[in-house]
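[1] Compute the structure for the input listed below.
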Amino acid sequence: MAFRVSIDPNRNIDHAYEQYILGRGKSVTGAISKFEETLQQSFFKFGRFTIPAFFKAHFISRKQQRLLHGVGDTIAHTIDKLIELYLTEPVIKNLYPLSLEAEELIRIDPGYTRSAILCRLDCFLEGEAVQFLEFDCDAPGGMAYADTLEKIYFDQNELKEFFAEFDFERRVRCEKLLSALLNIYEEFGGFETPRIAIVDWNNVRTRSEFEVLKTFFEEKGYSTTIADPRDLRYKSGKLYHGNFRIDLVYRRVLFRELVEKMEDVKDLLKAYKDKAVCVVNPLRSAVGASKAMLSVLTNPAYDHFFTEKQNAIKREHIPWTRNVTDADRFFGGKKIYLVDFLKDEKDTLVIKPPYGYGGKDVTIGCETRNEDWNAAIDKAIKSNWTVQEYIKPAKMSVPVVINNKVEFVLKKMSTGCYVFDGSYAGSVSRLSDESVIKVSKGGGLIPSVTCEGEINR
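    Just a heads-up that it's a prediction; the model follows:
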């Protein structure tokens, strides 16, 4: 029997989903249990632990997808411009101080034109409004996790009737990733079928995602190895992992970690410098990932470097951000004392380290005690951290089992918008009870899926 609801499902898919789940009683409780068991048996792992997930997707309307597509693509090209400015404009370079060793690596020509090939742009998406808070264009991940979870979710028998009622547009993020890698490899001058290395440290907790990607690449006909950068050897003009010759490196190791262990990874860096191997993302992409660079994008003094369209997108979709030591000169156009400013505006600000990831050391003023906020200010000033306008997180409801009964609870949500080689490649969303939403601290993942209809939250 086909699923029917008392409201028009094209008007509010979230409401329709909630009605569907609550109307099926104990059968859904069992389905959620089986769903969680399937996750535990899959590669949906962060280290030894299964990543938390929920029995629901983040339903995105086609209008929201067009918004992410248009804004995300423009921001990705803006990041390319930003990195170019760092390389050519001293006034921009001075905002992002690097060691001499790091500076030399940033300036190595990767052998192709773009700098930010693989991007995950993290945002709060609510209705027809989107605010992009951070850019991960150093070594973004999560796409294989999203594909794995989406497949498991859409394979659930308990949801078949619901899925039949809506027109879902599913994306294989790994396919978009591979396409971007191959496009850059071709521009690099590669003419043979590339042999791919997924490169990161052996002990990273995202190793299971690499296994999914390796399987996917090999199913598409591309021999692939997973390699620790310390195990790579450069000989006779080629880079090797054991006896495996590497043509294309999919870099997942973070730039700053490579800099910290330069002596241990010198073969990889020498092959990169000699253009003996195509490396994606290039090392210079780390410039665009720095939160300090958001101070360039949200400061009108630098608008003349960007196009009219880029400036319009920046103004509407990126919250005010500054390096802490610059904040007092540019907030509201008034010169004020920095410490007084940070204390007075506590409830409207967030303090972040410029190079951090995974939400580490992020301090939200309105959720922080005064003494802890003052300690964060002290640390931020000493290290020239980043201060950003506070944006209220988006929220969505998800089903959970409480006392053997399914209930819907609200979670805070951020969405990672993938842009590969300048084009939207799908999304993944993270949920948490906390405002700093991170998988490493117990947050959950859900796939973002486009469908017909309006989403009203």
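
[2] Tell me how far stretch 387-403 lies from the chain's centre.
    Chain-centre distance of stretch 387-403: 17 Å, with C-alpha atoms, centre = their mean, to the nearest Å.

[3] Could you work out the end-to-end span of it for me?
    For stretch 387-403, the first and last residues are 42 Å from each other (C-alpha to C-alpha, to the nearest Å).

[4] Give me the buried stretch members for that stretch, please.
    387-391, 393-394, 396-399 (16 or more other C-beta atoms under 10 Å). The C-beta positions use only the backbone N, C-alpha and C, and glycine is treated the same way.

[5] As a markdown table, those with secondary structure and distance to E103 would be great.
    A markdown table is the format used below for these (DSSP: H, G, I helix; E, B strand; the rest coil; distance: C-beta to C-beta, whole Å):
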| residue | secondary structure | distance to E103 |
| --- | --- | --- |
| V387 | strand | 25 |
| Q388 | strand | 26 |
| E389 | strand | 30 |
| Y390 | coil | 33 |
| I391 | coil | 32 |
| P393 | coil | 36 |
| A394 | strand | 38 |
| M396 | strand | 43 |
| S397 | strand | 48 |
| V398 | strand | 45 |
| P399 | strand | 50 |
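
[6] who does the top strand by length along the chain pair up with?
    Looking across the chain with DSSP state E, the single longest strand is strand 405-420. Sheet pairing of strand 405-420 (DSSP bridges) gives strand 118-126 (antiparallel), strand 394-402 (antiparallel), strand 423-432 (antiparallel).

[7] So which bits of the last one are buried?
    In terms of neighbour count (16+ other C-beta under 10 Å), strand 423-432 has its buried residues at 424-432.

[8] and which of those is nearest to D267?
    Nearest to D267 among the buried residues of strand 423-432, counting by C-beta to C-beta, is A425 at 31.1 Å.

[9] dump the residue contacts of the nearest residue to that closest one once chain neighbours are set aside.
    Once flanking residues are discounted, A425 sits nearest to K176: 3.6 Å by C-beta to C-beta, 6 or more residues apart in numbering. The neighbours of K176, taking C-beta atoms under 8 Å, 6 or more residues apart in numbering as the test, are 143, 418, 420, 423, 425-426.

[10] Report the separation between E103 and H241.
    Separation of E103 from H241 (C-beta to C-beta, to the nearest Å): 28 Å.

[11] got it, and A129?
    45 Å.

[12] More neighbours: those two, which one.
    Neighbours were counted for A129 and for H241 using other C-beta atoms under 10 Å; H241 has more, 19 against 14.

[13] quick one, phi/psi of that one?
    phi -120, psi 100 (degrees, to the nearest 10).

[14] For it, name its beta-bridge partners.
    Applying DSSP bridges, one finds that H241 bridges with L232, F244.

[15] any idea of the angle the host helix or strand of R315 forms with strand 118-126?
    Take DSSP states H and E as the rule and R315 turns out to sit in helix 308-317. Using axes from the mean of the first three to the mean of the last three C-alpha atoms, to 10 degrees, the direction of helix 308-317 lies 50 degrees away from that of strand 118-126.

[16] tell me the mean pLDDT for helix 308-317?
    For helix 308-317, the mean pLDDT works out to 97.

[17] all helices for the stretch 151-300 of the chain, in order.
    Secondary structure of the stretch 151-300 of the chain (DSSP state H, counting those that start in this stretch): helices located at 160-164, 173-188, 207-219, 255-260, 266-273, 285-289, 294-297.

[18] in the longest one, what counts as buried?
    Buried positions in helix 173-188, judged by neighbour count with 16+ other C-beta under 10 Å: 173-178, 180-185, 188.

[19] between the strands paired with strand 405-420, which gets nearest to V71?
    Among the strands paired with strand 405-420, strand 118-126 comes nearest to V71, with 8.5 Å by C-beta to C-beta.

[20] Determine the next helix or strand in the C-terminal direction from that closest one.
    strand 129-136.

[21] And the contacts of that next one?
    64, 67-68, 71, 75, 79, 116, 119-124, 288-289, 291, 294, 317-319, 357, 388, 391, 414, 416-417.

[22] And the buried ones among those residues, selectable in ChimeraX?
    Per 16+ other C-beta under 10 Å, the buried members of those correspond to this ChimeraX selection:
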select :64,67,68,71,75,79,116,119,120,121,122,123,124,288,289,291,294,317,318,357,388,391,414,416,417
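
[23] Could you pull up the mean pLDDT of stretch 342-361?
    Stretch 342-361 shows a mean pLDDT of 82.

[24] Extract the CA atoms of that stretch and return them as PDB.
    Output in PDB follows, covering the C-alpha atoms of stretch 342-361 (Å, rounded to 0.1, in the frame of the first residue of the first chain):
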ATOM      1  CA  LEU A 342      36.100  41.600  22.600                       C
ATOM      2  CA  LYS A 343      34.600  41.800  26.100                       C
ATOM      3  CA  ASP A 344      31.800  44.200  25.200                       C
ATOM      4  CA  GLU A 345      30.800  42.200  22.100                       C
ATOM      5  CA  LYS A 346      31.100  38.800  23.800                       C
ATOM      6  CA  ASP A 347      27.600  37.600  23.000                       C
ATOM      7  CA  THR A 348      28.000  38.400  19.300                       C
ATOM      8  CA  LEU A 349      31.500  36.800  18.700                       C
ATOM      9  CA  VAL A 350      33.300  33.500  18.300                       C
ATOM     10  CA  ILE A 351      37.100  33.100  18.800                       C
ATOM     11  CA  LYS A 352      38.900  30.500  16.700                       C
ATOM     12  CA  PRO A 353      42.500  29.500  16.000                       C
ATOM     13  CA  PRO A 354      43.400  30.300  12.400                       C
ATOM     14  CA  TYR A 355      44.800  26.800  11.600                       C
ATOM     15  CA  GLY A 356      42.500  24.700  13.700                       C
ATOM     16  CA  TYR A 357      40.200  22.000  12.500                       C
ATOM     17  CA  GLY A 358      37.500  19.700  13.900                       C
ATOM     18  CA  GLY A 359      36.100  22.500  16.100                       C
ATOM     19  CA  LYS A 360      39.200  22.400  18.400                       C
ATOM     20  CA  ASP A 361      39.600  25.500  20.700                       C
END
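
[25] mind showing which ranges of the stretch 1-150 of the chain have poor pLDDT?
    Applying pLDDT under 70 to the stretch 1-150 of the chain picks out residues 1-11.
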